[in-house]
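**Q** Give the three-dimensional model of this entry:
(4 chains)
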2 protein chains.
Amino acid sequence: MRWKRISDAVVRRLPLYLRVLEEAKDQEMMSSQELGERAGVSPALIRKDLAWFGEFGKQGVGYEVAYLREELRKILNLDKSIRMVLVGVGSLGYALARYHRRKFLDDPSFTLEIVGLFDANPELVGKDVEGVTIEPVDALTTRVKELGAELGIICVPADSAQVVADKLVAGGIRAILNFAPVKLSAPDEVEVTNEDLSLELQRLAYYVTD
Amino acid sequence: MRWKRISDAVVRRLPLYLRVLEEAKDQEMMSSQELGERAGVSPALIRKDLAWFGEFGKQGVGYEVAYLREELRKILNLDKSIRMVLVGVGSLGYALARYHRRKFLDDPSFTLEIVGLFDANPELVGKDVEGVTIEPVDALTTRVKELGAELGIICVPADSAQVVADKLVAGGIRAILNFAPVKLSAPDEVEVTNEDLSLELQRLAYYVTD
DNA sequence: TAGATTGTTAATCGATTAACAATC
DNA sequence: TAGATTGTTAATCGATTAACAATC
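**A** All right, here's what the predicted structure looks like:
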């Protein structure tokens, strides 16, 4: 799958469409109209987004739910297993690890697997979280290589986040989800998403005017 | 403070600017050039963003760090206390509650206060998290009113998120940060932000192509 | 066939960048 | 004063919407 560079705005909506299709398992066909209503997006935009990747619909009829769902899974690489590591098993890291491991163990169609957990605290090392043992963060780079991990989740404090990111990158990670409140620097090939909850709350405070 | 409707793209950047200014406490002045580099935004955009709210700089010199910082705090309502409630004290809710309570108790300039915690599980009710006691979710609406809460954080499972949101809205909440994997519906006056971690991971999977 | 809906092109809208006069 | 940087306007860029021919 080698498409031209697709805008992030487009990619961001695809998982949303996928979710709507997965929630409509009972249904045979779905129009861009209906998909749009359920996803909160205009029908024109949905057709335009999908057009970047091919032609998936039938004029006069709409999209075959099962077919479009599988095509979206392929586009998003969700048709194959994706290995992830999570670094920093504090309360947030633990919550995320537990949630995703459970989802992975429960649902065979959920292909995002946490294969490694790491922490700098020796007291946590050796502990088990839903079938994965916490390892020391020192050997992160080599372990990422050994595990073949492609996606990293950072839940460490702000001051160690960049060091961890560098190690993940050195280990060959392709994308990072960062919960530490810092702007990480990484090579252009590595996709970094900052999930900064403090920033988000401060933003919402703006809307709390009397 | 009654500005015309400011674009969300603008508001979203303000907390970022604020953070840079807070990290430069030692510094007297800062140009849009420098602020831009540190925040990862072009200098022109910074000047344009700030221009929506007034004139804060001096030509030929730049911005006074302490002054702009306080002005941004006023714009974002961070100069006054903001009361929040969090609903759903599972592992994610617990992690967020603990993190924010500690930050609030540690740092006197951090004005976002979690004043109420709620859960449907009777076993959790009565438990304490960093000085706040978990209450039953039944009385949510009246408790939100009593506490004067303005901002709500939803960490309940997907199937109860909309019910909780409705109760928060009925209680007079102004903004919601939603971690449940569903698109919530709420009146236009209520600002809803979805922090959907599964969607985010699925999006990142797109960038993990070989 | 008649009705409906796609894929796609053109029009619109909004956000970012470039440029520069004003001025500290 | 000379140099620098703001605030602001005009130009550009990109994303969304509207419209419609193609076609199931």
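
**Q** Disregarding residues adjacent in the polypeptide, which is nearest to the residue most central in space within chain A?
**A** Centroid check for chain A by CA atoms, centre = their mean gives residue A:177 as the closest residue, at 7.4 Å. Distances taken as CB to CB, 6 or more residues apart in numbering or on different chains place residue A:153 nearest to residue A:177, at 4.8 Å, with adjacent residues excluded. In this view, the C-beta of every residue, glycine as well, is placed from N, C-alpha and C.

**Q** what helix or strand does whichever residue of chain A sits closest to DNA strand D sit in?
**A** Residue of chain A nearest DNA strand D, by CB to the nearest atom of the strand: residue A:60 (2.3 Å). Residue A:60 is part of no helix or strand when elements are defined by DSSP states H and E.

**Q** do you know how far it is from residue A:31?
**A** From residue A:60 across to residue A:31, the span is 10 Å (CB to CB, to the nearest Å).

**Q** Those two: which is more packed in?
**A** Applying other CB atoms under 10 Å in any protein chain shown to residue A:60 and residue A:31 shows that residue A:31 carries more neighbours, namely 16 against 6.

**Q** just to revisit the earlier point, next, give phi and psi for the residue nearest to residue A:177.
**A** When read as degrees, to the nearest 10, the backbone of residue A:153 gives phi -120, psi 120.

**Q** bridging residues for it?
**A** Note on residue A:153: beta-bridge partners by DSSP bridges are residue A:86, residue A:177.

**Q** That one is in contact with residue A:83, isn't it?
**A** No. Counting by CB atoms under 8 Å, residue A:153 sits too far from residue A:83 to count as a contact (11.8 Å).

**Q** When those two are compared, which one has more neighbours?
**A** Using other CB under 10 Å as the criterion, residue A:153 and residue A:83 rank with residue A:153 on top: 27 against 18.

**Q** What's the local residue count around residue A:38?
**A** Applying other CB under 10 Å, we find 17 residues neighbouring residue A:38.

**Q** Report the separation between the spatially closest residue to it that is not a sequence neighbour and DNA strand C.
**A** Nearest residue to residue A:38, sequence neighbours excluded (CB to CB, 6+ apart): residue A:20, at 4.5 Å. Relative to DNA strand C, residue A:20 is positioned 13 Å away (CB to the nearest atom of the strand, to the nearest Å).

**Q** quick one, phi psi at residue A:20?
**A** Dihedral angles phi and psi of residue A:20 (degrees, to the nearest 10) take the values phi -60, psi -40.

**Q** who's in contact with it?
**A** Residue A:20 makes contact with A:35, A:38-39, according to CB atoms under 8 Å, 6 or more residues apart in numbering or on different chains.

**Q** same check, this time on residue A:126
**A** A:133-134.

**Q** Which secondary structure state is assigned to it?
**A** Of the three states, residue A:126 takes coil under DSSP: H, G, I helix; E, B strand; the rest coil.

**Q** coming back round to it: OK, contacts around the residue nearest to residue A:177?
**A** Neighbours of residue A:153 in contact, by CB under 8 Å, 6+ apart: A:84-87, A:93, A:96, A:114, A:176-177, A:179.

**Q** Next: residue A:103.
**A** Applying CB under 8 Å, 6+ apart to residue A:103 gives the contacts A:110, B:198.

**Q** in a helix, that's where residue A:208 is, yeah?
**A** No. Using three-state DSSP, the assignment for residue A:208 is coil, not a helix.

**Q** who are the neighbours in contact with it?
**A** Per CB under 8 Å, 6+ apart, neighbours of residue A:208: B:77, B:82, B:150-151, B:174-175.

**Q** and what of residue A:69?
**A** Here residue A:69 is in contact with A:18, A:21-22 (CB under 8 Å, 6+ apart).

**Q** before we move on, what about residue A:119?
**A** Shown in contact with residue A:119 (CB under 8 Å, 6+ apart): A:87-90, A:93, A:125, A:134-137.
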